[in-house]
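In: Quick one: sequence and predicted model below, then my questions.
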Amino acid sequence: MALLVFKQNSIAADPEGFLDDWRPESSSPCSWQGVSCSVNGKVTMLNFTDAGLIGHLHMDDLIVLENLQHLHLSRNSFSANLSLNRTSSFSCIIKTLDLSFNNLSEPISETFLNSCDHLATLNLSNNSIPGGSFRFGTSLVELDLSSNRISDSSILDYSLSSCRNLKLLNLSHNIISGKLDNLSSCQNLSFLDLSDNKLSGDIPAVLFSVFSRSLESLDLSRNNLSGDFPTFEFKNCGKLVSLNLSSNVLHGIGIPQSLINCQLLENLDVSDNNLQGKIAAALGSLRNLKHLNLAQNNLSGNIPPELGWTCGTLVELDLSGNELTGGFPETFKSCKALQKLNLGDNQLSGNFLAQVISTLPSLKILQVPFNNISGSIPLSLANCRQLQILDLSSNAFTGGIPSGFCSSSSLRRLLLADNFLSGTIPADIGNCKCLRTINFARNNLGGSIPSEVWKLPNIYDFVMWGNNFSGEIPEDIGFGSCHLEKLILNNNVFTGQIPESISNCANLSWLSLSFNQLTGTIPASIQNLQKLSILQLSSNSFFGDIQTIPLGSFRNLLWLDLSNNHFTGHIPSNLANETRLDPIFSYKGGYLFLRDKGRSDCRFRNSLIYSEGISKEKLAESFDSSNSCSAIIIYSWPKHLLKTVNGTVIFLDLSFNNLSGTIPDSLGLMSDLHVLDLSHNRLTGTVPNTLGSLTEACLLNLSYNSLDGMIPGSLGQITFLTDLDVSNNNLTGPIPSTGQLTTFPASRYENNGGLCGIPLPPCGYHSITTDPIRSEPSQNGKNHSILRDVDWKWVSAVIGYIFGAAVGVSAANITFRDKEEWLVKTKLKIISKWKRIKTKLKDNRQTHP
């Protein structure tokens, strides 16, 4: 009956029917699903793991089961605070309680751990528990509170000071702050994971001396812990198998020599710290080492050959993100078990790809981007027949792409971006049937892309920007099973039209065809690309009415660039529709925004480029003062701007087209917009006051149109506006003094009909000598020309005199020997005459105030 009461009180829903056989008419509950009994028919264990149950857990209904010792409720949707009734006559003898991956969100009641004093294993991980009372007794052996919302450091302090019998303590993935103290009592602890918290201060020395005697696994990664790592004394680490101190602020020169005492060590990760100096050759003495990660430090010098002594067991080696030089020692030829090798972002050079790495038969992942490796790509890399990822990006490789890479079909990612490769793409790349990513961006490759490559059946990312590829995008690109998520072909010389079949690639999120020689209209079927987030079609010869392009139907659109084409018609008002971010942009890959500060004709102006494998430094060097891109500034576009919740377009560039009509008021609803460029069109009407609601905008360019009226003062409310250009329109009136509108250079307001005020001349001010024809208001409110009553005989005389003098100067250069004396006399006469005319003009202005 107790189990039926539990079902009635605690189970709100059972969508998978897990408890369907729990019926009152059953002779014994021992036959029910999830129930285990002893030989005498007493319930000893309930196992509801991954049963899909929903409800609020009432522990009191289970405590009445006097023989219940093991309770496995993981991966359901239970809520509870685990409180127990103090007046209950039943005692809790539960030894194992697993409530991981549920919906617990209340603090744990003090009565629970006090009452269940037989508890040996408690797993409450992957919930939303904010804290509570965790004063456990001596019976507890394993405590897992990882992946919750615990911030109370007293839970950590108590756990570390009362852990005499504790063997496993996992408080990772919480928000606990504080320091590591009171470790001396944890002499039986085998597994300690405090990773991904907010711990700070020095790592105590006792951790690696007395305390580490029983320790098998220690993870303190992703905190703010400090210490001089080379001085750590690993004296009693004979049982230590895994040590992870990554993503902290450890410092020092080198690696502790005492690590050789940890002869059972299999996993060592001290990546993402501030370690300097050379890699310790002593690490080669760790003959059980399987995973070694020293990445993202400041280590320098050559890779020690002694490190290759670990080859008997080494499976993964990551030395990326340091300042290592030289090559890869030949001692690593014996690493027959090595599967993952990352040497990227160093200063390595030499021929080690052919001499060493090509001999590793088990290699699955090879990453050597951002180094100084030159010469041709060795075909011998095809000997690594299990290779799944090959990343040679951003080196100095020359020559062509060798044939034969796909002698085995295991290759998933082929990344050769940012080198100096030339020639054409070998057709046998099409034999890589498992290839998901192909990135040949920013090379000197050319010719037509082979049809076999276009038709790769499992391709997701097709990245070829910044080359000299020509030909047409094939009509059948979207036929069959189209998995394309990124098609990035900008800055090439492709011709023809956008094929209708591209609309079959329903997963396409990024389509970039900018800076090619494409023409025609945009196919209406493009509206089928409902996951499209970035659409870049600028600098082609596309034409047609922009309103026939279903731009408002893209529910994920974040970035729209149609500039430098021949589009006509009115700007669609539905561009302001709400959008959302596609999850594809949450993973690494990177984005660079090339901002044009000089209004140049650079082919990369105001572009978002896919930057995986692209060196920002090398790209900047290519934009030197000798070319049209000298005014380009490269920004790493912050990923937090690509919002994961509903928002609006963040970049809109429709400049250099033939658009007409007015600017829609609805554009002011684009609350996430950072860049708006509508310049060089035929837009008319006034600047909408609603644009002042673009509070996130940093660039607003409306220049070279036919806009009239006044600049709305609301634009001064745009706090982050760093560049405003309304020049070359018909705007009038004073420039608003709000915000930073008066801080922009005068060139951003020039060539309008009647703008005035800072940074232009003040309103009402007119210089006779520079603009003598301009009208100004008189005191009676009527326009009055300052030249209306000028004695035109005087003006004619002066003009004639100046013209005659100019002719005289030319003649004098021929006929007079003493030219200097003649020029001085002539200059004095002209000055005298001009003073007279200025006096006459002044008298006329006083006569007509």
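Out: Noted; the coordinates are in hand. Residues are numbered from 1 along each chain as shown.

In: Quick one: the helices in the stretch 351-500 of the chain, in order.
Out: With helices called from DSSP state H, counting those that start in this stretch, the stretch 351-500 of the chain shows them at 352-355, 451-454.

In: which stretch in those is the model least sure about?
Out: Ranked by mean pLDDT, those end with helix 451-454 at the bottom, a mean of 92.

In: any weak-confidence spans in the stretch 451-600 of the chain?
Out: Within the stretch 451-600 of the chain, the segments meeting pLDDT under 70 span 478-481, 578-589, 598-600.

In: If we use 90, what do you get?
Out: Filtered on pLDDT under 90, the stretch 451-600 of the chain yields the residue ranges 475-483, 501, 503-504, 524-525, 527, 530, 549-558, 573-600.

In: returning to that earlier point: indicate which one of the helices of the stretch 351-500 of the chain is closest to Ile735.
Out: Closest approach to Ile735 among the helices of the stretch 351-500 of the chain (Cβ to Cβ): helix 451-454, 53.1 Å. Using the backbone N, CA and C atoms, a C-beta is placed for each residue, glycine as well.

In: Not counting its own residues, what contacts the closest one?
Out: For helix 451-454, contacts defined as Cβ atoms under 8 Å, 6 or more residues apart in numbering pick out 425, 427-431, 438, 474, 477.

In: and those, which are buried?
Out: The neighbour count (16 or more other Cβ atoms under 10 Å) marks 425, 428-431, 438, 474, 477 as buried among the contacts of helix 451-454.

In: residues in contact with Asn705?
Out: Going by Cβ under 8 Å, 6+ apart, Asn705 touches 678-684, 728-729.

In: pull the CA atoms of stretch 47-62 into CSV?
Out: The C-alpha trace of stretch 47-62 is given here as CSV (Å, rounded to 0.1, in the frame of the first residue of the first chain):
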residue,chain,number,x,y,z
ASN,A,47,14.8,2.1,-9.8
PHE,A,48,12.9,4.7,-11.8
THR,A,49,16.0,5.8,-13.9
ASP,A,50,14.9,7.6,-17.1
ALA,A,51,11.3,6.7,-16.6
GLY,A,52,9.9,10.0,-17.7
LEU,A,53,8.0,10.6,-14.4
ILE,A,54,6.7,14.0,-13.5
GLY,A,55,5.7,15.1,-10.0
HIS,A,56,6.6,16.5,-6.6
LEU,A,57,8.5,13.9,-4.5
HIS,A,58,7.2,13.1,-1.0
MET,A,59,10.0,11.2,0.8
ASP,A,60,7.9,10.5,3.8
ASP,A,61,5.8,8.0,1.7
LEU,A,62,8.9,6.0,1.0
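
In: So what touches it?
Out: Residues outside stretch 47-62 that contact it (Cβ under 8 Å, 6+ apart): 2, 5-6, 9-16, 18-19, 34, 36, 46, 68, 70-80, 82-85, 88, 98-99, 112.

In: Could you list which of those belong to helices?
Out: Counting by DSSP state H, the contacts of stretch 47-62 place 2, 5-6, 9-10, 112 in helices.

In: backbone phi and psi for the residue lying closest to Gln347 once chain neighbours are set aside, please?
Out: In space, and not counting its chain neighbours, Gln347 is closest to Thr325: 4.9 Å by Cβ to Cβ, 6 or more residues apart in numbering. Dihedral pair for Thr325: phi -120, psi 180, per degrees, to the nearest 10.

In: now the end-to-end length of stretch 275-293.
Out: End-to-end distance of stretch 275-293: 12 Å, with Cα to Cα, to the nearest Å as the criterion.

In: Can you list the buried residues in that stretch?
Out: Of the residues in stretch 275-293, 275-276, 279-280, 282-286, 289-293 count as buried by neighbour count, 16+ other Cβ under 10 Å.

In: would you list those in JSON lines and tack on secondary structure, pLDDT and distance to Asn492?
Out: Formatted as JSON lines, the buried residues of stretch 275-293 follow (DSSP: H, G, I helix; E, B strand; the rest coil; pLDDT from 0 to 100; distance: Cβ to Cβ, whole Å):
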{"residue": "Leu275", "secondary structure": "strand", "pLDDT": "96", "distance to Asn492": "43"}
{"residue": "Gln276", "secondary structure": "strand", "pLDDT": "96", "distance to Asn492": "43"}
{"residue": "Ile279", "secondary structure": "coil", "pLDDT": "94", "distance to Asn492": "42"}
{"residue": "Ala280", "secondary structure": "coil", "pLDDT": "92", "distance to Asn492": "48"}
{"residue": "Ala282", "secondary structure": "helix", "pLDDT": "92", "distance to Asn492": "51"}
{"residue": "Leu283", "secondary structure": "helix", "pLDDT": "94", "distance to Asn492": "46"}
{"residue": "Gly284", "secondary structure": "helix", "pLDDT": "94", "distance to Asn492": "48"}
{"residue": "Ser285", "secondary structure": "helix", "pLDDT": "93", "distance to Asn492": "52"}
{"residue": "Leu286", "secondary structure": "coil", "pLDDT": "94", "distance to Asn492": "49"}
{"residue": "Leu289", "secondary structure": "coil", "pLDDT": "97", "distance to Asn492": "46"}
{"residue": "Lys290", "secondary structure": "coil", "pLDDT": "97", "distance to Asn492": "44"}
{"residue": "His291", "secondary structure": "strand", "pLDDT": "97", "distance to Asn492": "41"}
{"residue": "Leu292", "secondary structure": "strand", "pLDDT": "97", "distance to Asn492": "41"}
{"residue": "Asn293", "secondary structure": "strand", "pLDDT": "98", "distance to Asn492": "38"}
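
In: Helix or strand: which one has the residue nearest to Ser258 when sequence neighbours are not counted?
Out: Excluding the flanking residues, the one nearest Ser258 by Cβ to Cβ, 6+ apart is Phe234, at 4.3 Å. Per DSSP states H and E: Phe234 is located in neither a helix nor a strand.

In: Pull the number of nearby residues for Phe234.
Out: Phe234 is flanked by 20 other residues according to other Cβ atoms under 10 Å.

In: Contacts only, for it.
Out: By Cβ under 8 Å, 6+ apart, the contact list for Phe234 reads 208, 212, 240, 256, 258-259, 261-262.

In: roughly how far apart are the nearest residue to Thr138 once chain neighbours are set aside and Leu218?
Out: Excluding the flanking residues, the one nearest Thr138 by Cβ to Cβ, 6+ apart is Asn165, at 5.3 Å. With the distance defined as Cβ to Cβ, to the nearest Å, Asn165 ends up 19 Å from Leu218.

In: Quick check: which ranges of the stretch 601-750 of the chain have low pLDDT?
Out: Scanning the stretch 601-750 of the chain for pLDDT under 90 picks out 601-649, 671-672, 720, 738-739.

In: can you pull out the helices in it?
Out: For the stretch 601-750 of the chain, the helices defined by DSSP H, counting those that start in this stretch occupy 616-622.

In: if we can go back for a sec, just checking, the residue nearest to Gln347 touches Asn371?
Out: No: Thr325 is beyond contact range of Asn371, at 9.8 Å (criterion: Cβ atoms under 8 Å).

In: what residues are shared contacts of those two?
Out: 346-349.

In: So which of those sit within strands?
Out: 347-348 (DSSP state E).

In: Buried only: go through the shared contacts of Thr325 and Asn371 for me.
Out: 346, 348-349.

In: Name the nearest of these relative to Asn298.
Out: Ranked by distance to Asn298 (Cβ to Cβ), those are led by Asn346 at 11.3 Å.
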